[in-house]
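Novice: structure here, sequence nowhere to be found:
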């Protein structure tokens, strides 16, 4: 059968969303560092305000630099549109706030970034939204946890830090059988390693602070609408299907069809909650996009060698990475993530927490900090930092032990990285 | 709004405004496999400017029920039934692609019902390639991909939407994917078979506006210009760096062009 040849990933990651500036010829995406925009005339201004013309009113709601970023991630994910937010956490919250009302319920994998877990476990209940956490490998568990008031299923592609791979095809079927969308946090994999929409997801969120940006310079989040979920198949989403008094009684599904969800995010969540992205940050993230595939290939190849090294090390109790045959999702990862699964993973050092601290403190190239997805290699002890607000029970459920050390493998020389880790192990051996 | 047209439940968007008796009417007809949502911006704009808007979902398209209409003439007759059902004596007719042929045919055969005509992304005849027709007949997804690909200019394949944050190719393919079995083939075949149109141009005496994309691969501008020459009271507005999908690539330019009809 004939095929349509559209632009490839690497072309889109460099160009999508931008037409070079007609006035200046600027090849780089200009940073539109402005709060607002002069209207051509009063009628055009009123028209942009009322969604009758395309354009920008105020940078809390849209901005030309951010718009390039939004189109670019949509192109790479295969979505209909996107909204940029001030952080990945804002992307998660704005997605939930758009879809779930007071009294609503979420079913989520319990293998989550600590901030997301905190939002669902402690903060959202203050607003009447509760969450049931499920073992990501317990497919039936997702089904059993769904209640009449459940409005979405949530999970991470490859969880941070224990690397559980979410079975998106199976879990999306459960979501769709119950007329609710599957929302996927794709931060650790990026569209280069996995395209969740093609596997059945409906909405994708990113912390663009991580691999998409790639250099640890900017806080940024992205919400991408796959445009596939049929909001009108159910009465569970009146915010999408019924007239919205907050915008002159427009119905998002009637007016925007496949782009209903992302239009609601922009015209309600961004407008009312205000977690907009700074355009300078959008520019920095866009710079990261240009080298995304090159960096991800290097992240993955370095990770493979580091995982192999750790797996054979005497001082390592266990390594959790889908590349390893003993990982419970090894086969699933090969199927869903053929280019490689993740450069963020964890291992357990023999001797527990104190020995782990000696190991971390001895490292020179690996930076001990709370981030992942930097070009530079990173290390952290989650139980005392990123996941410290979780209870002992929740930590156990998430598989985060006292001796767990998380690595985010960068794109430096892998020989130097392994040498650095070896120095850490030698220092740890002296005190164990 | 929902109403009965031709004994079938029919959806017609009004730009989120209720009709006002005595206001002029503007009727929008979508292209192959699409629905009223391609006109959302224009519908909302002209509704706020004192026009009664009828952005129809043709039978078996979008939210409308009924059977597919196999010819452009059948679709045009149905549009007139929709005008009757909504109590509109006359209208400005606006159509995109296949919809432009429908709008033209309404104007040509029911000239007393049309005050002015706008044809967006048009040509006459509007032949369809065998490869596309063949894939559409088999309901292959490839047919939708072809329409999506050829409807956008080369520059639009890299984006640059006038509506912030919308990926135009992604939105159109999702819209086409919503069309039911046989819809794309029906519509393409209707375009292919509409060979009588050019002879009806002499009936088009009302002000007529052709809005064309300079980089239109689906309905090349040379064919559209040939049509324009047969319509005595016609004007052409050419939108640079724009393909066939003017409704998504250049909604603001299209709006400005349509406003010249008011």
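Specialist: Everything's here; your move. Since the model is a prediction, treat every value here as computed from it, not as a measurement. Numbering: from 1, shown residues only, chains lettered A, B, ... in the order given.

Novice: verify the stated contact: residue A:252 with residue A:263.
Specialist: Yes. Using C-beta atoms under 8 Å, residue A:252 is in contact with residue A:263, at 5.5 Å. The way it works is simple: take the backbone N, C-alpha and C, and place the C-beta from them, glycine included.

Novice: can you give me the buried ones in whichever strand or helix holds residue A:140?
Specialist: Assigned by DSSP states H and E, residue A:140 belongs to helix A:139-145. Within helix A:139-145, the residues that count as buried by 16 or more other C-beta atoms under 10 Å in any protein chain shown are A:141-143, A:145.

Novice: where do the helices sit along the stretch 151-262 of chain B?
Specialist: B:168-177, B:183-193, B:221-230, B:246-249, B:251-259 (DSSP state H, counting those that start in this stretch).

Novice: before we move on, back to that, for the buried residues of helix A:139-145, which one is nearest chain B?
Specialist: residue A:142 (25.7 Å; C-beta to the nearest C-beta).

Novice: quick one on the thing from earlier: right, and the helices of the stretch 151-262 of chain B - which one's nearest residue B:132?
Specialist: helix B:183-193 (6.6 Å; C-beta to C-beta).

Novice: before we move on, back to that, what residues does the very next helix or strand once past the helix holding residue A:140 touch?
Specialist: For helix A:139-145, the following helix or strand on the C-terminal side (DSSP H and E) is strand A:150-156. For strand A:150-156, the surrounding residues in contact (C-beta atoms under 8 Å, 6 or more residues apart in numbering or on different chains) are A:96, A:99-101, A:104-109, A:111-113, A:116, A:120, A:136, A:142, A:146, A:166, A:168, A:171, A:174-175, A:178, A:180-188, A:236-237.

Novice: in the helix or strand just after strand A:150-156, which residues are buried?
Specialist: The first helix or strand that comes after strand A:150-156 along the chain, using DSSP H and E, is helix A:168-177. By 16+ other C-beta under 10 Å, the buried positions in helix A:168-177 come out as A:168, A:171-176.

Novice: with stretch A:77-86 instead?
Specialist: A:77-86.

Novice: filter these to keep only those in contact with chain B.
Specialist: A:78-84 (C-beta under 8 Å from any C-beta of the partner chain).

Novice: so what's the most centrally placed residue in chain B closest to, chain neighbours aside?
Specialist: In chain B, the centroid-proximal residue (C-alpha atoms, centre = their mean) is residue B:96; its distance is 2.5 Å. Ranked by C-beta to C-beta, 6 or more residues apart in numbering or on different chains and with sequence neighbours excluded, the top spatial neighbour of residue B:96 is residue B:120, at 4.3 Å.

Novice: quick one, phi/psi of that neighbour?
Specialist: phi -110, psi 120 (degrees, to the nearest 10).

Novice: isn't it up against residue B:211?
Specialist: Yes. Between residue B:120 and residue B:211 there is a contact under C-beta under 8 Å: 4.6 Å.

Novice: need the overlap of contacts for those two.
Specialist: Common neighbours of residue B:120 and residue B:211 (C-beta under 8 Å, 6+ apart) are B:246, B:254.

Novice: can you pick out the residue with more neighbours from those two?
Specialist: residue B:120 (33 against 28; other C-beta atoms under 10 Å in any protein chain shown).

Novice: straight-line length of stretch B:179-187, end to end?
Specialist: 11 Å (C-alpha to C-alpha, to the nearest Å).

Novice: coming back round to it: residues contacting the residue nearest to the centre of chain B?
Specialist: Going by C-beta under 8 Å, 6+ apart, residue B:96 touches B:28-31, B:34, B:38, B:120-121, B:246-247.

Novice: over to residue B:231?
Specialist: Counting by C-beta under 8 Å, 6+ apart, residue B:231 has contacts B:201, B:204, B:208.

Novice: gap between it and chain A?
Specialist: Look at residue B:231 and chain A: by C-beta to the nearest C-beta, to the nearest Å, they are 28 Å apart.

Novice: mind jotting down where the helices sit in the stretch 251-400 of chain A?
Specialist: A:252-256, A:260-264, A:271-273, A:279-290, A:292-311, A:330-336, A:353-362, A:392-397.

Novice: can you give me the buried ones in the helix or strand of chain B with the lowest mean pLDDT?
Specialist: Among the helices and strands of chain B, helix B:221-230 carries the lowest confidence by mean pLDDT, DSSP states H and E, at a mean of 91. In terms of neighbour count (16+ other C-beta under 10 Å), helix B:221-230 has its buried residues at B:221, B:223-224, B:227-228.

Novice: among these, which one lies nearest to residue B:110?
Specialist: The nearest member of these to residue B:110, counting by C-beta to C-beta, is residue B:227 at 19.1 Å.

Novice: list the contacts of the closest one.
Specialist: B:119, B:122-124, B:198, B:201, B:210.

Novice: can you rerun that using 7 Å?
Specialist: B:122-124, B:198 (C-beta atoms under 7 Å, 6 or more residues apart in numbering or on different chains).

Novice: show me which of the contacts of residue B:231 is closest to chain A.
Specialist: Nearest to chain A among the contacts of residue B:231 is residue B:208, at 23.9 Å by C-beta to the nearest C-beta.

Novice: name the residues of the stretch 51-200 of chain B found near chain A, please.
Specialist: B:131, B:142, B:145-146, B:149, B:155, B:157-167, B:170-171, B:174-175 (C-beta under 7 Å from any C-beta of the partner chain).

Novice: quick check: can you list the domain ranges of chain A?
Specialist: Following automatic domain parsing, one gets these domains for chain A: A:28-288, A:292-431.

Novice: can you flag the weakest of these by average pLDDT?
Specialist: Mean pLDDT across these is lowest at domain A:292-431; the value there is a mean of 93.

Novice: pretty sure residue A:73 sits against residue A:82.
Specialist: Yes. Applying C-beta atoms under 7 Å as the test, residue A:73 and residue A:82 come out as touching, 5.0 Å apart.

Novice: common neighbours of those two, please.
Specialist: Common neighbours of residue A:73 and residue A:82 (C-beta under 7 Å, 6+ apart) are A:222, A:224.

Novice: next, the buried residues of stretch B:104-112.
Specialist: Buried, per 16+ other C-beta under 10 Å, within stretch B:104-112: B:104-111.

Novice: kindly indicate which of the buried residues of helix B:221-230 lies nearest chain A.
Specialist: Distances from chain A to the buried residues of helix B:221-230, taken by C-beta to the nearest C-beta, are shortest for residue B:221, at 20.6 Å.

Novice: show me the contacts for the residue nearest to the closest one when sequence neighbours are not counted.
Specialist: Among residues not flanking residue B:221 along the chain, residue B:212 sits closest, at 4.9 Å (C-beta to C-beta, 6+ apart). When the contact criterion is C-beta under 7 Å, 6+ apart, the partners of residue B:212 are B:121, B:221, B:224, B:236, B:238-239.

Novice: format those residues as CSV; extra columns: distance to residue B:75.
Specialist: Below are the contacts of residue B:212 laid out as CSV (distance: C-beta to C-beta, whole Å):
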residue, distance to residue B:75
B:121, 17
B:221, 24
B:224, 20
B:236, 24
B:238, 27
B:239, 25
